[in-house]
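Q: Sequence below, structure please.
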Amino acid sequence: MARIPDAFIDDLLARTDLVEVIGSRVQLKRQGKEYSARCPFHDERSPSFTVSPVKGFYHCFGCGAHGTAISFLMNYDRLEFLDAVEELAKRLGMEVPRDTHQRNANPDSQDLYGAMDAASKFFQKQLASNGRALGYFDSRGVDADTRARFSLGYAPDGFSALRDGLGTDPRRMKLLERGGLFSKNDRGHVYDKFRDRVMFPIHDRRGRTIAFGGRVLEKENGPKYLNSPETELFHKGRELYGLWQVRQAHNKIERLIVVEGYMDVIALFQNGFDTAVATLGTATTPDHAELLFRNAPDVYFCFDGDRAGRGAAWKAVESVLPRMKDGRQAFFLFLPDGEDPDSLVRTEGREGFEARLQQATPLSQFFFDSLSSDVNLHTLEGKGRLAERAKPLLAQIPDGAFGDLMKQRLTELTGVGARASSPETHVPAQRARAAQNTQPASKPSLVRSAITMLLQQPAVALALPSSLHFASLDQPGIGLLVEIIELVHERPDISTGMILEHFADRSEAPALTKLATARAVETTAATPLDARVLDDADRRQRAFLDAIARLDSQALQARIEALHSRMSTLVDAEKQELRELLTLRLQQGRQ
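A: Below you'll find the model as predicted:
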C-alpha cells in the first residue's frame, strides 16, 4: 500500500480543529490554553485526559493514550489509518491524493468491492426462495433479523449459477474471479467455487463484503466449510468475522468473545451476546490480537478443552502478551468435550453461558499453569525450568503494572528475581523511605532537556545552523535529538503532535510522549533558568539554545582530548585542527 505524503498529513493536521474533533465525541472543559475531560479510553472518576490545541495532540496521564486527531479517530471511532485520514479530509473538503492512498495496487478496487457486494446480494436473494437453506437456519434457531444482520445467503447447486445470475459481462466475471468466487480446473474451465451451500459474507471494518464462507447442507458434498482464498481484499490473519456487526451494535465495546466458527458467532448474537467474533478458521495472529484490543479492553477466548484447543489457546497467549498494556485483560474459556458456543448457548441459555464466561481462566493463571504443567515446583530444577521458559515471554509484555505483577508472580513461584540483602547492607523499609525522601532528585541530562524543549516547542530548532557540532558526541539520545532537529528543518510548521505521529511506530515513541507531556519543572533542571522557562516561548528558546551550546562545548572538549591522546602521531592537518579548537575553547571561556 502506497504511503500518503508527509506534506499532506501535515497540512491536514494543521487545518484540523483538534478540539472540535474530540469535543464532538467527548465533553471537554477549558483550562487555560488546554482542555480536560474524563478519558474516553479507560474508566476514571477525575479528569486526566488533556487536549492541547497548541501542541496539536491529546494525552491521558492515567492510561497513557495519546496522539493527533488521526489517532483519536482510529482509537475512538475504531477506524483504520486511511479511513481516519479520509474522514478528516472530508470534513475540510480536502482530497486525499488518489494515487497514493488506494488500499491495493488495482485502480478499479471500488469495482471489485461492488462485484463482491453484488454476489452477496445474489446469495441473499437465493436464500429467500430456497426451502432447504431456510430450513437449515430455522433448525439452528436463526431468525429473520439475524439472517438480515449477517447478510446470510445461499449458493445454488450447479457450476454456473452465480455467473448466470450476475450476467455475462467479461469484466465483472474477471472481478469475481479476483475476489475468489470462481475456481478453475486443469483444463482451464472456470466454475462457481461455492455450490449448494449456505453462505456467510465476511465484511471488513467498513462493512464492505471482502470474502465468503460456505457450509454444506448435505454432509457428503465436500468439506463441511469452504472459505474464500486469500485475495487482494481478504487476508484471513487480519480479519475477524462479526466485528462489523459488533461495531454496529455498540458505540463502546466492553468485551469481545472470540470463537472459532461462523455459526458460533451467529448463535451468540441470537442469544444476546452481540460482541462475538471469529478468527476465520486460523490461529489467533498478532494482527488479530491488535485488532481485538483496539476495539475492547477485555477479550474472552473460547476454545475446546482438548489438547488441540489448549494448543490454540497458547498460540493466542503468544500473540496477546506483547499487547497486554495496563487496563487490558484476556480470559480463556475451555468448553466441555463435544460442545461449542453454538450448542452451549442454545442448551444452557444466556444465563448459563454468561456464568461460564464469569468463571473463565485469566491469562495470568493460564500462562503459569501451562508452563508449569510438566515441572516439579518443589525442586530447584523444576523452578529453574519454569523461570527459563517464562522469562523471555514476560520480557515481551509492555512496561507497566501488569508486566511487573507477572514478574512478581514468577518470583513467588520460583524465587528467581528476588534479591536478598546481606545483614550489612539491609536497610529497614521505614529508614529506606526516609533516606529516599531526603535524596535530591537526579537532574535530567542535557540531551533529555533539549529533546523535551524541542518537543514542546518545535520551532526552537529553526534558530540552529544546519551543521550540528554536537552530533559527534557518543551519548545516549544524541542521534534522536539530531533526527528531530532535522525533521523540524525539513517541515518548519510541524507541531508536537505531528512529531509524535512521525515516531508512532518507533521504539522511542513512549519516551517521546512522556517528554512531550512533561511538567515545566521537570524540564528545566539542566538549565540555569527558573521553572517559568517553559511558560515563555522566548525563554524556552534561549534555554534550548543554551543546552545545545553546552553540548557543542562537550563535543569540542571530546575532540581536543581525542587529539591530545595521540599527540605524537598527529599529521599536520590534525595539529592545525587542534590549535584552532584550543583557540575556540579559549574564546568560549572568555564569553
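
Q: for this structure, which spans come out with low pLDDT?
A: Along the chain, segments meeting pLDDT under 70 span 1-3, 98-108, 221, 418-444, 466-467, 519-536, 584-591.

Q: Show me the longest helix that occurs in it.
A: helix 537-564 (DSSP state H).

Q: Mind giving me the packing neighbours of it?
A: Where contact means 3 or more CB pairs under 8 Å, 6 or more residues apart in numbering; DSSP states H and E, helix 537-564 is packed against helix 446-456, helix 572-590. C-beta: built from backbone N, CA, C; applies to glycine.

Q: Who are the packing partners of the shortest one?
A: Here helix 446-456 touches helix 478-490, helix 496-502, helix 509-516, helix 537-564, going by 3+ CB pairs under 8 Å, 6+ apart.

Q: got the angle between it and helix 509-516?
A: On the basis of axes from the mean of the first three to the mean of the last three CA atoms, to 10 degrees, helix 446-456 is oriented at 80 degrees to helix 509-516.

Q: chain center to helix 446-456, what's the gap?
A: Its chain's C-alpha centre and that of helix 446-456 lie 27 Å apart, by CA atoms, centre = their mean, to the nearest Å.

Q: ditto for stretch 41-52
A: With CA atoms, centre = their mean, you get 20 Å for stretch 41-52.

Q: And stretch 217-229, by the same measure?
A: With CA atoms, centre = their mean as the basis, stretch 217-229 stands 35 Å off its chain's centre.

Q: before we move on, what about stretch 184-196?
A: That offset, for stretch 184-196, works out to 40 Å (CA atoms, centre = their mean).

Q: Touching it from outside, list them.
A: 155-163, 173, 177, 180-183, 212, 214, 216-218, 221, 226, 228 (CB atoms under 8 Å, 6 or more residues apart in numbering).

Q: Just the buried ones from those residues?
A: 155-156, 159, 161-163, 173, 177, 180-182, 212, 214, 216, 226, 228 (16 or more other CB atoms under 10 Å).

Q: Next step: these restricted to helices.
A: 161-163, 173, 177.

Q: want to throw those into CSV with distance to Gln27?
A: Below are these laid out as CSV (distance: CB to CB, whole Å):
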residue, distance to Gln27
Ala161, 54
Leu162, 50
Arg163, 54
Met173, 52
Glu177, 51
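
Q: re earlier: tell me the most buried of the helices and strands packed on helix 537-564?
A: Among the helices and strands packed on helix 537-564, ranked by average contacts under mean count of other CB atoms under 10 Å, first place goes to helix 446-456 (a mean of 24).

Q: my read: Leu280 touches Tyr225, true?
A: No: counting by CB atoms under 8 Å, Leu280 does not reach Tyr225; the two are 10.2 Å apart.

Q: intersection of neighbour lists for the two?
A: Residues touching both Leu280 and Tyr225 by CB under 8 Å, 6+ apart: Gly213.

Q: Look at the two and report which has more neighbours.
A: The neighbour comparison of Leu280 against Tyr225 (other CB atoms under 10 Å) goes to Leu280, with 22 against 15.

Q: and the end-to-end length of stretch 330-346?
A: In stretch 330-346, first residue to last residue: 25 Å (CA to CA, to the nearest Å).
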